[in-house]
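Q: Fold the following, please.
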Amino acid sequence: MAKAPIQVVWFKRDMRIHDHAPLSSASAAGPVLPVFAIEAGQWQAPDSALRHWQFAADALIDLSNALETIGLPLCIWQGDIVDLLNALKAHYGHIALHSHQETGNAWSFERDKQVHAWCQTNGVAWREARQHGVVRGLSSRSGHQTRWESHWETLMSAPTCHAPQSAQAVSGWEAFHHLNVQQLPTLTLGFDTTPCPQRQRGGRNEGRALWRSFVQARGRRYRGSLSKPLLAWEFGSRLSPHLAWGTLSMREVVQSLRRQRQKHADDTAWARSLRAFTSRLYWHCHFIQKLESEPSIEHQTLHPALRGLRERDPNHPNLIAWKNGQTGVPLVDACMRSLIATGWLNFRMRAMLISHATFGLGLHWYEPALHLARLFTDFEPGIHYPQVQMQAGATGTNTLRVYNPIKQAEDNDPTGKFVARWVPELAPLPLEWRAKPWALPESLRQRFGFQPGTDYPITNDFEAEARHWKKLLYELRRTPEARESSRAIVDKLASQRRPPTQRAKKTKPANRQQLSLFGDDGFDDA
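A: Now for the predicted structure:
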């Protein structure tokens, strides 16, 4: 009888053992070796940061502990995955590779193509499982939307994969094990090292606890708190980094959410909040599908007519001020400073940051996109880059949404508490002046000992700048050539229908909502 090949389970952004199809299929096929490769290229990419690694390190510790419960080690290799596969094949002879599909940044895309080529050359079967509603090889959404939704629903409704109770471990794996989990938190890999003192902790245990607190109490006020930065931190799910790093699966989130909707069907506040959250889970996969179908979104302006408008200047003084929370626009600066410290921000404020950078400050979208990617603990490339381009008006197909930071402050921080917390130099001012301190009357400047330009920067005329760019972009979109390009973009990337959760009511699609912030719902690890 032929000896079964070593079943290599390659963990990437799927750091869990529950609802992990590659682990389940590998365990049923033969002796299993779970591996995680710490690849220099990934962590030295311009959109990687220390906070990402710290969250991932937390998750790897949880993953290692979970694998131990079923009798498996986690082999942590520091180096390229292809080098590890070469070493494993040389040592064991016959191997098979299992992993989840990934729609990541340009680096991960090229890495996966190299792995595919290696597997073909070496006769190694690579079985990739879907973990999101993304359909590979989809050339167009036009005419295929119903099929895309069917794929999404089929995957999300399928039973979750229970973790195996036990699995056959591989001997000799220690020769490929470079690091112990205790070494991970202090590892330095060449990424951006901006500290994040209030970042969320990673790991499945943290994700489950966060979800329980949401579904038991916090989530009831979810819908009414989404736009307000202070309330969103308290009543939003903040599960997004756990979805981005795969400590919880999208499918278990969706199924758990559906159970909760049934449970709270008679409570109007709960029903509305959970319905709003459901739509975000659908749009999560919709946006990742955009990057899957058009990888150039990461580095090139989507609409041809809008390319070349602005220079990508990493040293532009407006960009530096924006990155440091020193623009002179209080809500913008408060959002940036809070994001630096916590790694998380609600959708509307994320959209406002990009809107102000590109419309109010006239910056190209690319450098702001990289900066925010490094700050978001929940950075998900498939959501991030399409969203940034949409909020920057670079798609040429979406309505231009220019967020006025003064109005946003009036609507979403009416007491000025959020601004006062993160821009303490404005805290002594009366709340009605915290959003626009440059307009503070001279008498009040003397009373409060505050001088704009000395105690806080003087802003430029960002409203006039925003009007200029909005007018210009609309003009460029009106040419016959631009309209033709817009039709092609819509055909390839746009959703033609509303999310399933919204079809009962004739409401606009929820594509203005933050798709990196999704919520959560109670999970089962049976």
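Q: Spell out which residues sit in contact with Glu298, please.
A: Under the criterion of CB atoms under 8 Å, 6 or more residues apart in numbering, the neighbours of Glu298 are Asn105, Ala106, Leu291, Pro381, Tyr385. Every residue, glycine included, has its C-beta placed from N, CA and C.
Q: what about the second one, how many residues close to it?
A: Neighbours of Ala106 under the rule other CB atoms under 10 Å: 17.
Q: swap in the third one?
A: Taking other CB under 10 Å as the criterion, the count of residues near Leu291 is 25.
Q: Kindly report the same for Leu226.
A: Leu226, neighbours per other CB under 10 Å, totals 23.
Q: Met349 is in contact with that one, correct?
A: No: shown here, Leu226 and Met349 do not form a contact pair, counting by CB atoms under 8 Å, at 10.3 Å.
Q: roughly how far out does the helix ranked longest in the chain sit from the chain middle?
A: Ranked by residue count, the top helix of the chain under DSSP state H comes out as helix 268-293. With CA atoms, centre = their mean, to the nearest Å as the basis, helix 268-293 stands 13 Å off its chain's centre.
Q: Helix or strand next in line after that helix, which one?
A: Next along the chain after helix 268-293, taking DSSP states H and E as the criterion, comes helix 317-323.
Q: Now that next one: average pLDDT?
A: The pLDDT scores in helix 317-323 average 97.
Q: other SSEs contacting that helix?
A: Counting contacts by 3 or more CB pairs under 8 Å, 6 or more residues apart in numbering; DSSP states H and E, helix 317-323 is packed against helix 330-342, helix 366-375.
Q: how deep is the closest residue to Trp422 other than its chain neighbours tucked in, by neighbour count?
A: Closest residue to Trp422 apart from its sequence neighbours, by CB to CB, 6 or more residues apart in numbering: Ala334 at 3.9 Å. A count of neighbours around Ala334, defined by other CB under 10 Å, yields 28.
Q: can you pull the contacts of Ala334?
A: Neighbouring residues of Ala334 by CB under 8 Å, 6+ apart: Pro229, Gly325, Asp413, Phe418, Val419, Arg421, Trp422, Val423.
Q: again with Asn404
A: Glu463, Ala466.
Q: Now do it against Phe462, distance only.
A: From Asn404 across to Phe462, the span is 9 Å (CB to CB, to the nearest Å).
Q: Buried residues in stretch 433-449, which are they?
A: Trp433, Arg434, Ala435, Lys436, Pro437, Leu440, Arg445, Phe448 (16 or more other CB atoms under 10 Å).
Q: Over to stretch 218-236?
A: Buried residues in stretch 218-236, counted by 16+ other CB under 10 Å: 218-223, 225-233, 235-236.
Q: how much space is there between the nearest residue to Pro428 once chain neighbours are set aside and Thr327?
A: In this structure, Pro428 finds its nearest non-sequential neighbour in Phe448, 5.3 Å apart by CB to CB, 6+ apart. Distance, Phe448 to Thr327, by CB to CB: 21 Å.
Q: before we move on, what about Gln255?
A: Distance from Gln255 to Thr327, by CB to CB: 43 Å.
Q: the more surrounded of those two?
A: The neighbour comparison of Gln255 against Thr327 (other CB under 10 Å) goes to Thr327, with 24 against 20.
Q: Next, the more buried one: secondary structure please.
A: Classification of Thr327 by DSSP: H, G, I helix; E, B strand; the rest coil places it in coil.
Q: How about Arg261?
A: The local conformation at Arg261, judged by three-state DSSP, is helix.
Q: can you check the one 5 residues further on too?
A: The three-state label for Asp266, taken from three-state DSSP, comes out as coil.
Q: Next, count neighbours for it.
A: Counted by other CB under 10 Å, the residues lying close to Asp266 total 7.
Q: and the spatially closest residue to Tyr366 that is not a sequence neighbour, what is it in contact with?
A: Spatial nearest neighbour of Tyr366, chain neighbours left out: Arg312 (5.0 Å); criterion: CB to CB, 6+ apart. The contact partners of Arg312, taken as CB under 8 Å, 6+ apart, are His364, Tyr366, Glu367.
Q: can you put those residues in JSON lines and add distance to Gln262?
A: Listed next are the contacts of Arg312 as JSON lines, based on distance: CB to CB, whole Å:
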{"residue": "His364", "distance to Gln262": "47"}
{"residue": "Tyr366", "distance to Gln262": "44"}
{"residue": "Glu367", "distance to Gln262": "46"}
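Q: and which of these is nearest His20?
A: Comparing these against His20 with CB to CB picks out Tyr366 as the nearest, at 34.7 Å.
Q: confidence score at that closest one?
A: Per the predicted model, pLDDT is 97 at Tyr366.
Q: thought it was touching Ile297?
A: No: at 11.1 Å, Tyr366 does not count as touching Ile297 under the criterion of CB under 8 Å.
Q: Phi first, then psi, for the residue nearest to Tyr366.
A: Dihedral pair for Arg312: phi -90, psi 90, per degrees, to the nearest 10.
Q: Do you know the pLDDT at it?
A: Value for Arg312, per-residue pLDDT: 90.
Q: Span of stretch 216-229 from start to end?
A: 21 Å (CA to CA, to the nearest Å).
Q: contact partners of the helix or strand hosting Asp83?
A: Taking DSSP H and E as the criterion, Asp83 maps to helix 81-92. With contact meaning CB under 8 Å, 6+ apart, helix 81-92 is reached by 5-6, 8, 10, 33, 35, 37, 39, 77, 95, 97, 111, 114-115, 118, 122, 124, 170, 172, 175-176.
Q: So among those, which ones count as buried?
A: Buried members of the contacts of helix 81-92, scored by 16+ other CB under 10 Å, are 5-6, 8, 10, 33, 35, 37, 39, 77, 95, 97, 111, 115, 118, 124, 170, 176.
Q: returning to what we had before: so which two of the contacts of Ala334 are the farthest from each other?
A: Greatest spacing in those, by CB to CB: Gly325 and Asp413 (15.1 Å).
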